[in-house]
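# Return a 3D structure for these sequence lines:
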Amino acid sequence: MNNASAESDAGFPWLASTMLAFEACEVIRLRLTKFANADDDAEHEARLMVREKVDAAFEAGPSLMAGASAATIVGRYREHVAANAKRLSVV
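From the prediction side, this is the model:
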């Protein structure tokens with residue numbers, strides 16, 4: 001591997017980003033199941049989903065502008081996704 005490609009990869013949290021993708025897929029599955037079953041709170045879940053995405057963007061933007069690392073941003077998104085998975089998994 002040459003130095004140019006090694007430097008471009010430095011500092012990016014590849015493993016954490018990959019884990020975020022897998023964890024987010026599970027949350028998507030849980031939400032789609034809720035929507036497909038037309039659960040009583042499916043409409044509330046849809047609104048919550050949109051609000052969470054907007055809130056996460058408003059959290060990540062200022063963090064990036066303040067100098068937060070990619071690892072910090074990905075870690076915070078993973079916390080949000082984990083909270084959603086826990087909430088949606090409760091039967």
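# for this structure, what spans make up the helices?
Assigned by DSSP state H, the helices in the chain fall at 3-9, 14-36, 42-65, 70-89.
# what mean pLDDT would you report for the longest one?
Per-residue pLDDT values over helix 42-65 give a mean of 94.
# Pull out the buried residues from that helix.
45, 60 (16 or more other C-beta atoms under 10 Å). Bear in mind the C-beta positions are built from the backbone N, C-alpha and C, glycine included.
# Excluding chain neighbours, what is closest to the residue nearest the centre of the chain?
The chain has residue 77 as the residue nearest its centroid, 4.1 Å off, counting by C-alpha atoms, centre = their mean. For residue 77, ignoring the flanking residues on the chain, the nearest one in space by C-beta to C-beta, 6 or more residues apart in numbering is residue 20 at 5.8 Å.
# Distance check, that neighbour against residue 36.
24 Å (C-beta to C-beta, to the nearest Å).
# For these two, work out which one has more neighbours and name it.
Taking other C-beta atoms under 10 Å, residue 20 and residue 36 do not tie; residue 20 has more neighbours (18 against 9).
# right, and the more buried one touches residue 81 too?
Yes - shown here, residue 20 and residue 81 form a contact pair, counting by C-beta atoms under 8 Å, at 6.5 Å.
# residues contacting residue 77?
Going by C-beta atoms under 8 Å, 6 or more residues apart in numbering, residue 77 touches 20, 56, 60.
# gap between it and residue 49?
14 Å.
# Find me the pLDDT at residue 90, would you?
82.
# And residue 10, by the same measure?
pLDDT, read off for residue 10, is 61.
# same question, residue 3
So, for residue 3, pLDDT stands at 45.
# Any idea how far apart the tips of stretch 63-73 sit?
8 Å (C-alpha to C-alpha, to the nearest Å).
# Show me what that stretch is in contact with.
So stretch 63-73 is contacted by 11, 12, 13, 16, 60, 76 (C-beta under 8 Å, 6+ apart).
# what sits against the first one?
Meaning residue 11. So residue 11 contacts 69, 70, 71 (C-beta under 8 Å, 6+ apart).
# could I get the residues you listed as JSON lines with distance to residue 44 and pLDDT?
Shown next, in JSON lines, are those (distance: C-beta to C-beta, whole Å; pLDDT from 0 to 100):
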{"residue": "69", "distance to residue 44": "34", "pLDDT": "94"}
{"residue": "70", "distance to residue 44": "32", "pLDDT": "92"}
{"residue": "71", "distance to residue 44": "33", "pLDDT": "94"}
